[in-house]
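**Q** please work out how this folds:
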Amino acid sequence: MSASADSATQPLDVALIGGGIMSATLGALIKRLQPDWSIEIFESLSETALESSNPWNNAGTGHAAFCELNYGKEQADGTFEIQTAVTVNEQFQVSRQFWSFMVREGSLPDPKSFINPVPHISFVWGEENVDYLRRRFDALKTNPLFDDMEFTDDPAVIRSWTPLLLPGRAKSQPIAATRVVGGTDVDFGALTRALLSYLTDNGAKLTLERKVTGLKRGRDGLWTIRSRHTVGGTPAVTRARFVFVGAGGGALSLLQKSGIKEIKGYGGFPISGQFLRTDNPAIVARHTAKVYGKAAVGAPPMSVPHLDTRVVDGKGSLMFGPYAGFSPKFLKTGSWFDLPFSLRPSNIIPMLAVAKDNFDLVKYLVTELLASRAKKLDSLRQFMPEAKDEDWELITAGQRVQVMKKDAKKGGVLQFGTEVVAAEDGSIAGLLGASPGASTAVPIMISLLERCFPDRFESWKPSIAEMVPSLGRRLSDDPELAQQLIESTSRDLSLV
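**A** Coordinates of the predicted model:
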């Protein structure tokens, strides 16, 4: 690729579509590796990080599988598969290492502006669930990344961990909890803006209110990006050597417009969300934790109920949810026609197959749509029995697009988590999916770099290893290195 140049006369080296955490992370990595490459970020809204990266559109959980019971499943013989949980934790440790490096280098501001220590707790009730949580704890405790996890079924201990869970609860009800003190709350909106500031301070261009409407690859291998100003409608054309589509729920339609064969067969089903939120300082002061329970039958992973401490702009709040809803929009600010316009001959059969095989999910969504405010408060009171209606307001969270794709045996399957879709030649890539997304942005973007720039990745490895010392190694296989890096990143990120 060429040196940085005016994109009006010469093509960009890198075009990033979407001003969220994924584009910001990839841009920051590339800027460290190739400071001479020209980069432009296209954001359709008037500010960055207003969709999924906005702190009120997500739970802000630094997803490390400490408390999320959907990471790792119980097997038929009663044992637990913990590899999913270990993998999520490994990925989050990579993100922490990169953020730590950027803080040490002075490329990110005071870490308290985007990350704060908040214990991660799993909480269950009922004899069967108590036994479930104990066995899950026993399985995870053997892994060095989870050796700080604590288990208790003692109500007095649980009350000391998080006082709001006990008052009003029947003393005869069996309860249990696990806790990892070293959990975090992350304001991904603040982190996104800090990474983008680093980019623009170092020569990248950020273009706001510019909606990308078309992507087409020319015979010369360059991508033509057609866009228009969202206020005046002024059209523009930009050419780029590499394009990343990090537009959240909008990524599917843009990748479809690109015409790459790799996107064929992918479909998306939008799920909106709501949270109950309180800023009442008397309540907030009594709960410093992210407390996750068990998901309802058929509920997608992003809908696991949780009562969370949030720290945004230095102020604490509590959020409970999410409550799933439906809107055909793929983005909160999207179009009512996003879902129907995403249908293609190649993805209709996979989407119908998913609907047929996931009746529990359909039932769950219908139940959520019909739930009244009183019903939503009843769900909160399962966690916090003495919750009062007047203390909580209902807010609308971000849109999530559940990915579906072709499957040789079933016709179509739901794809949980996040998935990178890239052209065979690596000239364009995009990200589909949701949780644990933002928390694992760094390892996802490093894998994207390896996939899209195979001729350069080997030469980049020493620089990446400086930013991410565990590159190519599993911390769960090296307890000494794991402890060293967890302690050092905790110091750098002011978590201790």
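**Q** correct me, but S46 touches K211?
**A** No: checked against CB atoms under 8 Å, the pair S46 and K211 is beyond contact range at 11.7 Å. Where you see a C-beta, it was placed from the backbone N, CA and C, and this is true even at glycine.
**Q** which one's more surrounded, the two?
**A** When S46 is set against K211 and neighbours are counted by other CB atoms under 10 Å, the residue ahead is K211, at 17 against 10.
**Q** report the buried residues of the one helix or strand that one maps to.
**A** Taking DSSP states H and E as the definition, K211 sits inside strand 210-217. With burial defined by 16 or more other CB atoms under 10 Å, the residues of strand 210-217 counted as buried are R210, K211, V212, L215, R217.
**Q** next: stretch 344-356.
**A** Using 16+ other CB under 10 Å as the burial criterion, the residues of stretch 344-356 that qualify are N347, P350, M351, A353, V354.
**Q** from the residues you listed, which is closest to G182?
**A** Nearest to G182 out of the buried residues of stretch 344-356 is V354 (CB to CB; 37.0 Å).
**Q** just confirm the closest one is within a helix.
**A** Yes: checked against DSSP: H, G, I helix; E, B strand; the rest coil, V354 lies within a helix.
**Q** I'd say it and V413 touch.
**A** Yes: look at V354 against V413 with CB under 8 Å: they come within range, at 6.5 Å.
**Q** how close does E368 sit to K264?
**A** Here the distance between E368 and K264 works out to 31 Å (CB to CB, to the nearest Å).
**Q** who has more neighbours, those two?
**A** E368 (23 against 14).
**Q** next one, pLDDT for the residue nearest to the more buried one when sequence neighbours are not counted please.
**A** The shortest distance from E368 to any residue other than its chain neighbours is 4.3 Å, reached at A324 (CB to CB, 6 or more residues apart in numbering). Taken from the predicted model, the pLDDT recorded for A324 is 79.
**Q** what number of residues lie near A324?
**A** Around A324 sit 24 other residues, with neighbours defined as other CB under 10 Å.
**Q** kindly report the same for P385.
**A** Residue crowding around P385 was assessed by other CB under 10 Å; the count is 15.
**Q** show me the contacts for it.
**A** Contacts were defined as CB atoms under 8 Å, 6 or more residues apart in numbering; by that measure P385 touches P167, G168, R169.
**Q** can you rerun that using 10 Å?
**A** Neighbouring residues of P385 by CB atoms under 10 Å, 6 or more residues apart in numbering: L164, L165, L166, P167, G168, R169, A170, Q173.
**Q** so it, which of the three states?
**A** Under three-state DSSP, P385 falls in the coil class.
**Q** against L352, how distant is it?
**A** Here the criterion is CB to CB. By it, P385 lies 42 Å from L352.
**Q** ok, now N116?
**A** Applying CB to CB to N116 and L352 gives a distance of 44 Å.
**Q** do the same with T333
**A** To L352, T333 is 29 Å away according to CB to CB.
**Q** for the most centrally placed residue in the chain, which non-adjacent residue is closest in space?
**A** Nearest residue to the geometric centre of the chain (CA atoms, centre = their mean): G437, 2.7 Å. The shortest distance from G437 to any residue other than its chain neighbours is 5.0 Å, reached at T418 (CB to CB, 6+ apart).
**Q** kindly give the local confidence score, pLDDT, for the one you found.
**A** Residue-level pLDDT assigned to T418 equals 82.
**Q** next one: the one 3 residues further on
**A** The predicted structure scores V421 at 93 on the pLDDT scale.
**Q** hang on, it is in a strand, isn't it?
**A** Yes: with the criterion set as three-state DSSP, the secondary structure at V421 is a strand.
**Q** ok, it touching V403?
**A** Yes: at 9.4 Å, V421 counts as touching V403 under the criterion of CB atoms under 10 Å.
**Q** got the buried residues for the helix or strand containing T84?
**A** Of the helices and strands defined by DSSP H and E, T84 is found in helix 83-104. Applying a neighbour-count criterion of 16+ other CB under 10 Å, the buried positions in helix 83-104 are 84-103.
**Q** which outside residues touch the helix or strand that that helix is followed by?
**A** Helices and strands here follow DSSP H and E; after helix 83-104, the next one along the chain is strand 115-117. Taking contacts as CB under 10 Å, 6+ apart, the residues outside strand 115-117 that touch it are 60, 62, 96, 99-100, 103, 108, 181-188, 190-191, 288, 309-312, 314, 316, 490, 493-496.
**Q** tell me the strands beside strand 115-117, with direction?
**A** The strands beside strand 115-117 in its sheet (DSSP bridges) come out as strand 184-186 (antiparallel).
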